[in-house]
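Undergrad: Below: sequence and its predicted model.
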Amino acid sequence: MRYCIACILVLISACDGRPQNIALGTLERDRIAHTATVSEVVVALPVVQGSEVKKGMLLVRLDDTLQKSQVNKAAAEVAQAEANLEKLRNGARVEEVAAARAKVAETRATLVENEANYKRALNLIKQKVISESTLDQSLAARDAALAGLQNAQEQLRILTNGTREEDLRVAEAYLAAASAVLASENKKLADLSIRATRDGILDNLPWNLGERVTKGSPLAIVLAGKAPYARVYVPEPYRVKIKVGDVLTVHVDGLEKTLTGKLRSIANEPAFTPYYALNQEERARLMYLAEVQLADSEAGLPNGVPAQVELP
């Protein structure tokens with residue numbers, strides 16, 4: 001499309017006898033398309049199409065019922081991870097330690113009793129008063145009591161020694177992961193409220209209130225910037241005479257006064273046909289796309305109006 005425009009401008013400038021130090025084009029603004037991140041229903045359009053908007057202003061709101069439930073779920077998981085980490089840091093309660101010590105005392109008493117029964121069984125077996133099976137049962141009871149005491153003592157050590165460093169790191173990592181998920185869900189929730197990212201004019205609202213939008217489709221089109229810029233095509237002989245930052249004179253159709261603008265960008269490559277495929281005469285017809293930013297005082301100028309820029 002730009003190639004066609006450049007060709008037309010070349011033909012026009014060649015036929016109408018205008019000075020060759022003129023770059024032709026139109027007034028434009030940056031076109032910003034705010035797209036939908038999900039397929040949801042439009043529930044609010046608070047700004048009328050064509051209105052001026054400020055950065056941060058709400059343009060479109062999508063239904064956020066489902067996403068709010070996802071945020072609540074993620075917040076609950078963060079709270080659970082925080083409570084688990086706090087529990088590990090605080091260690092066992094006094095009541096739990098007391099219960100574990102009581103369990104040790106109980107199993108120790110049982111072991112003493114079973115040890116005495118076993119010794120008594122040894123004396124009786126020598127006297128052939130009891131059978132071998134009875135002695136074996138006494139031995140098994142004593143060994144079981146000994147194992148129970150060791151288990152109770154280990155449980156008490158777990159409570160009194162505190163949480164392992166590895167368990168704390170696992171809990172901290174789980175909390176960090178849950179927090180990251182919550183931040184992601186909050187970002188998705190915020191994305192359902194489409195806000196202007198720059199000052200400008202709300203050019204188009206492609207979807208109507210109550211419609212379900214398509215994911216990835218534009219919800220609001222903003223023409224950014226206070227004043228427009230002149231998008232013009234610079235003839236090849238003048239490309240080396242200008243650079244970004246130069247102040248140039250701009251003429252706008254319909255305005256008698258001349259304007260000034262600052263060259264904000266210029267292409268390094270011509271708009272059509274590589275220069276090395278052309279002779280010297282043909283190279284003079286090459287065009288370089290450039291943008292000349294007008295002052296903020298010209299904010300009222302509309303897009304699409306023809307403009308000409310004087311070249312040095």
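TA: Yep, it's here. Numbering: from 1, shown residues only.
Undergrad: List the buried residues in stretch 203-218.
TA: Neighbour-count burial for stretch 203-218, counted by 16 or more other C-beta atoms under 10 Å, picks out D203, L205, W207, V213, P218. Placement of C-beta: from N, CA and C, glycine included.
Undergrad: Stretch 179-187 now?
TA: Buried residues in stretch 179-187 (16+ other C-beta under 10 Å): S179, V181, L182, E185.
Undergrad: okay, stretch 53-60 in CSV with CA atoms only?
TA: This file holds the C-alpha atoms of stretch 53-60, laid out as CSV (Å, rounded to 0.1, in the frame of the first residue of the first chain):
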residue,chain,number,x,y,z
VAL,A,53,-9.2,10.0,26.3
LYS,A,54,-6.4,10.2,28.9
LYS,A,55,-3.9,7.6,29.8
GLY,A,56,-5.5,5.2,32.3
MET,A,57,-9.1,6.0,31.3
LEU,A,58,-11.4,3.0,31.2
LEU,A,59,-12.5,2.3,27.6
VAL,A,60,-14.1,-1.2,27.7
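Undergrad: got the buried residues for it?
TA: By neighbour count on 16+ other C-beta under 10 Å, the buried set for stretch 53-60 is V53, M57, L59, V60.
Undergrad: Other residues contacting it?
TA: 34, 42, 44-47, 193-202, 205, 207, 219-220, 222 (C-beta atoms under 8 Å, 6 or more residues apart in numbering).
Undergrad: Wait, A230 touches P306, no?
TA: No: the pair A230 / P306 is not scored as a contact, 9.5 Å apart, by C-beta atoms under 8 Å.
Undergrad: Quick check on those two: which one has the bigger neighbour count.
TA: Each of A230 and P306 has its neighbours counted (other C-beta atoms under 10 Å); A230 has more, 28 against 14.
Undergrad: Using TSV, please lay out the buried residues of stretch 179-187 together with pLDDT, secondary structure and distance to L286.
TA: Formatted as TSV, the buried residues of stretch 179-187 follow (pLDDT from 0 to 100; DSSP: H, G, I helix; E, B strand; the rest coil; distance: C-beta to C-beta, whole Å):
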residue	pLDDT	secondary structure	distance to L286
S179	96	helix	56
V181	97	helix	54
L182	97	helix	55
E185	97	helix	52
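Undergrad: from these, which single one is nearest T65?
TA: E185 (13.7 Å; C-beta to C-beta).
Undergrad: ok, that closest one - contacts?
TA: By C-beta under 8 Å, 6+ apart, E185 lies in contact with Q67, Q70, V71, K73, A74.
Undergrad: Which of the buried residues of stretch 53-60 fall within strands?
TA: Among the buried residues of stretch 53-60, the ones falling in strands (DSSP state E) are V53, L59, V60.
Undergrad: from those, which single one is nearest D246?
TA: Nearest to D246 among those, with distances taken as C-beta to C-beta, is V53, at 31.1 Å.
Undergrad: how close does that closest one sit to P302?
TA: For V53, the distance to P302 (C-beta to C-beta, to the nearest Å) stands at 16 Å.
Undergrad: Over to V78?
TA: According to C-beta to C-beta, V78 and P302 sit 50 Å apart.
Undergrad: What of N21?
TA: Taken as C-beta to C-beta, the span from N21 to P302 is 26 Å.
Undergrad: ok now the helix or strand hosting N114, how far from the chain's centre?
TA: If you go by DSSP states H and E, N114 is part of helix 94-126. Distance of helix 94-126 from its chain centroid, counting by C-alpha atoms, centre = their mean, to the nearest Å, is 62 Å.
Undergrad: Now it: buried residues?
TA: Residues of helix 94-126 classed as buried: A100, R101, K103, V104, T107, R108, T110, L111, N114, N117, Y118, A121 (neighbour count, 16+ other C-beta under 10 Å).
Undergrad: Repeat that for stretch 217-232.
TA: Under the neighbour-count criterion of 16+ other C-beta under 10 Å, stretch 217-232 has 218-232 buried.
Undergrad: Please work out the average pLDDT along that stretch.
TA: Stretch 217-232 comes out with an average pLDDT of 91.
Undergrad: what about that stretch, distance to the chain center?
TA: Per C-alpha atoms, centre = their mean, the centroid offset for stretch 217-232 relative to its chain is 24 Å.
Undergrad: And the next helix or strand past the helix or strand bottoming out on mean pLDDT in the chain?
TA: In the chain, the helix or strand scored least confidently by mean pLDDT, DSSP states H and E is helix 2-15, which has a mean of 45. Per DSSP H and E, the first helix or strand lying C-terminal to helix 2-15 is strand 22-35.
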